[in-house]
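*Asks:* Pasting the sequence and the predicted coordinates here, then a few questions.
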Amino acid sequence: MHSPAITQLVIAALLFLLAGTASAIAVTLIGHSWRDRRMARTKKLMECYRPLVEGLLTGQIAYEEGRDALTRIGEGDHRKQALERILLATCPKLAQVHILRRLCEDLGLVEIWQRQLNNSGLSFLRRATAARNLGAIRHQSSWPLLVQGLKDPSRDVAEVSAGSLAAIGESESFPALVGQLQSAALDPRTALSLRTIRSALITFPLECAEMLLPSLEHTNARIRFLAVEVIRGMVERRAQDSSHFGLDIEFCSPQLTNLFLGRLASDESPDVRACATDVIAHLPDSRATAALVELLEDAEWPVRLHAVRALAQPMYSAEATSVARRLTDSHWRVREAAAKCLVILGTEGLHLLFRQFLLGSDKYCQEQIAEEIQRAGLLPLLLAEFSGSRDGEALTVKDQLSQLAQIDARLIGYLRSLRPAQPGASRLGERAQGAFATTTGLLK
Amino acid sequence: MNWHGLVRGGETLLSAVVFSYFLLANAAYTALMALSLRRVWIHVRRIVYLNLDETRHSPATPPVTLIMPAWNEQQVVVETVRSALKTDYPGLRVILVDDGSTDESLPRLLDAFELERAELVYRPEIATGAVRGFYTSSEIPNLLVISKEHGGKFDALNVGINMCRTPYYCTLDSDCMLERDALLRLMRPIVSSPIDTVASGGMVRVMNGSQVKDGQVVHSRLPRTSLERFQVVEYLRGFLFGRTGWDTLDGTLIVSGAFAVYHRESVIEAGGVPGDTVTEDIDLIAQLHRWARKNKRHARTTFTSDPVCWTECPATLANLGRQRRRWELGLCQTLWKNLDICLNREFGLVGLVTFPFYLCVEAAGAVAELLGYVLLPVAFLLGLVHSPLMLLFIALAWLYGCFLSASAVMLEDFTYHRYADFRDLLLLLLYALLENLGYRQIILFYRCQGVVRFLTGFRQWEKVSHLGRSG
């Protein structure tokens, strides 16, 4: 085992490792100091730029004056880096974006970014950063370059380009993204991720939805589904801003409306039908309600679930009876959604929910309603409803509660521990408190 | 052959085994290091353009539930939940599963978050132990605390999964603290990947010594004691080199359950979190690989180095011993249980490379290393090795360990540079050099204890107690 060759080999390895370890330590220490110095310099430059940029964005400094001042400070790569960092780190208000954009153009940054994005010889890191910068300042005229970026061999560049196109929101670039969506649907491994493309498409204005018509009529169910999903996302995004949101004819042409109410509502794919319910719920058409009620009876539970959720808006309170039928659905998620929906549908919905709880015989249904009653703090309301009922129903309440107590003794404990001073009860006033006393009396 | 010859022959054979182990292990570590250096370097530059805001506001970002199992963690549990609730993520839900704590964990939680008992319907898709109760708060609607009979971490996780309503869930140990944007960072590759990701792990860093404010690490510093500092170096090496390297090869077999995201449906279909071993996180990944192969699904398991979860590492030898014995025992149990994956082509790289690596280098490595420590002096006494060569060989092993650890520190400083203080950096480098002189041998002792426990059929979970946030 102790031949000279082995000894020499070990010594050589030892020396190599010694050099490697020493280099790693030296590089770490030198690199640390170098980075600190570099960061300090960039930070210093940024501190010089900051008041100027802020002044320009707020209008306190005249544009030409501020721009010229920015041009004069710093030089070389440092200057570009500091400028990029300070300009892109600011979160300008919508009205200020154009100042930022103009500034980037005048300082020559846009030109550099466009060149970088176009230069396949550069590393993908720089191309992607350039694409991101163009999107960050919403540089409208760069959209054709970004569309090209979607086809970049680097997935990163393509992904960032999609995000930037979404930020710019140029409707002419929409079809290119739809094309990507279709490619990804047909071959998920080679294209951008569906989530990335969907996310980008959803950011576009709702007016672009018309451009999805060919995809909605596509023979491939997956493409139809994805197109419906995009429109649903667009609608939901718009609906977030308003509690009484409804699509109008401007956003939803008769062709699109008919497609949703006709073919898509009865599509062979349950995914498409389920997803379409959310859009149908916002359609400006009297047939929409009937279509949703019909979807409540769909053979597939995910469709029923989505239909119930779509109806969970106060404007559909007239459909409470149809929703209440889903309280006894065979799938617990539909039952759960139906209970939640009825709470949202207001007085009529609550009345039906309580009646089902009091008079129904389906223990799974009651279990679900009991959970919802607790979750939404509806117990005082239930008691109020009960206190006004006839004797026969009062007994039923007692029976139901006792039955539930057998299923789950904890409910009784909860009822007994309930104090009238709890927020829910106090909101309802004396009536609920009286009802509480009656119920606890009955339970005793 | 006489007795002396037999001993010499045996010694030569064992020496060859130890030497082969040394070469194999170090070659593998070197390869992983080379892969990781490039990967982390590029990833840090990618972060510049990977817009987290996009992920935050995108309707395509799936909601996530943070599931935290806790058992007798009264010192840290409230702070952990508080920190978890501050996580920046759209539609985040938090479920803490109290696994039958006998200390003040539950009362403290109820008090701190004004929780009230709620009679929720429990529909177990995975069979679990009995649930005692659910606690919610009207003030914090996205928090749910579940109290259950003690059944082990895996059981608590399964209860959490049963109550989780989001497509993905994230596990977080009750002694851990997430950085505010850690979940967004962890989910970003999942959202942008065209291939379904079933599990993804993030970076776990040592919190001891760091300055913590409002449930967040505001200034990362090195801990005060040597024992903890060695662990900082160890974590850096393990996560930046090991995990990243395997991820680059698409051969992730270990995802730390302390901080990892899983696809809920896939986990349920795979049978839930298994309870056969004491390292349920490793076992779950093996189970997911098996499920994906059986169902012909291309499901990824990944690791991302920028999402950070801070953990409190053991500050005493007793606690360190408990932790490392359990890790080694769990690794042996998991590898033994899933031995059919080893060298199985159907599992791809995981079966052909990762699994054999963990089996030969990580699990059996403890024994091989111990043999090395025993055999070298024996060989020297028998005259099989002359002393200069023995010393050179020991120096080689030590220096190689130093090289790996120093490179890990270098990579950390060049990329994430969390330890901005120059003094901390010097200390890190110093501990990287000293790690192999004493600390490694202590760890080896615990690992060997773990192997012995595996061989003797010991299965018990050893609890590591946490003292609370330090710094």
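*Replies:* Arrived safely, thanks for sending.
*Asks:* Any idea how many residues pack against B:Lys294?
*Replies:* As a burial measure, B:Lys294 scores 11 neighbours (other CB atoms under 10 Å in any protein chain shown). Where C-beta positions appear, they are placed from N, C-alpha and C, glycine not excepted.
*Asks:* Give me the buried positions along stretch A:79-88.
*Replies:* The neighbour-count check on stretch A:79-88 (16 or more other CB atoms under 10 Å in any protein chain shown) flags A:Arg79, A:Gln81, A:Ala82, A:Leu83, A:Glu84, A:Arg85, A:Ile86, A:Leu87, A:Leu88 as buried.
*Asks:* What of stretch B:146-157?
*Replies:* Neighbour counts over stretch B:146-157 (16+ other CB under 10 Å) mark B:Ile146, B:Ser147, B:Lys148, B:Gly151, B:Gly152, B:Lys153, B:Phe154, B:Asp155, B:Ala156, B:Leu157 as buried.
*Asks:* Let me see the backbone angles for the fifth one.
*Replies:* Right, the one you point to is B:Gly152. With angles defined as degrees, to the nearest 10, B:Gly152 sits at phi 100, psi 160.
*Asks:* Would you quantify the distance from the residue in the stretch 201-350 of chain B that chain A sits nearest to to B:Met187?
*Replies:* Proximity of the stretch 201-350 of chain B to chain A (CB to the nearest CB) peaks at B:His298, 7.8 Å away. Counting by CB to CB, to the nearest Å, the separation of B:His298 from B:Met187 is 20 Å.
*Asks:* In contact with residue 260, which residues?
*Replies:* With no chain named, the answer covers chain A. A:Ala276, A:Val279, A:Ile280, A:Leu283 (CB atoms under 8 Å, 6 or more residues apart in numbering or on different chains).
*Asks:* meant chain B actually
*Replies:* B:Cys170, B:Thr171, B:Ala199, B:Ser200, B:Gly201, B:Gly202, B:Asp281.
*Asks:* The third one: neighbouring residues, count only.
*Replies:* By the other CB under 10 Å criterion, the neighbourhood of B:Ala199 contains 26 residues.
*Asks:* That one - nearest residue in space that isn't next to it in sequence?
*Replies:* B:Thr301 (4.5 Å; CB to CB, 6 or more residues apart in numbering or on different chains).
*Asks:* Mind checking if stretch B:128-146 is in reach of chain A?
*Replies:* Yes - counting by CB under 8 Å from any CB of the partner chain, chain A has neighbours in stretch B:128-146: B:Gly133, B:Thr136, B:Ser138.
*Asks:* Can you turn the buried subset of the contacts of A:Phe260 into a selection I can paste into ChimeraX?
*Replies:* Entered in ChimeraX, the line below selects the buried ones among these, by 16+ other CB under 10 Å:
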select /A:276,279,280,283
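*Asks:* Let me know the closest of the contacts of A:Phe260 to chain B.
*Replies:* Nearest to chain B out of the contacts of A:Phe260 is A:Val279 (CB to the nearest CB; 13.8 Å).
*Asks:* what's B:Pro90 in contact with, if anything?
*Replies:* Contacts of B:Pro90 (CB under 8 Å, 6+ apart): B:Arg56, B:His57, B:Thr61, B:Pro63.
*Asks:* Near chain A, list only the ones from the residues you listed.
*Replies:* Residues of those in contact with chain A (CB under 8 Å from any CB): B:Thr61.
*Asks:* If you rank the contacts of B:Pro90 by neighbours, which is first?
*Replies:* The most crowded member of the contacts of B:Pro90, judged by other CB under 10 Å, is B:Thr61 (21 neighbours).
*Asks:* so B:Arg293 touches B:Arg345, yeah?
*Replies:* No - counting by CB atoms under 8 Å, B:Arg345 is not a contact partner of B:Arg293; they are 10.5 Å apart.
*Asks:* Give the residue from the two that has the larger number of neighbours.
*Replies:* Taking neighbours as other CB under 10 Å, B:Arg293 and B:Arg345 compare with B:Arg293 leading, 18 against 7.
*Asks:* Dump the buried residues of stretch B:146-157 to a markdown table, plus secondary structure and pLDDT.
*Replies:* Conversion of the buried residues of stretch B:146-157 to a markdown table gives the following (DSSP: H, G, I helix; E, B strand; the rest coil; pLDDT from 0 to 100):
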| residue | secondary structure | pLDDT |
| --- | --- | --- |
| B:Ile146 | strand | 96 |
| B:Ser147 | strand | 96 |
| B:Lys148 | strand | 96 |
| B:Gly151 | coil | 93 |
| B:Gly152 | coil | 92 |
| B:Lys153 | helix | 93 |
| B:Phe154 | helix | 95 |
| B:Asp155 | helix | 96 |
| B:Ala156 | helix | 97 |
| B:Leu157 | helix | 97 |
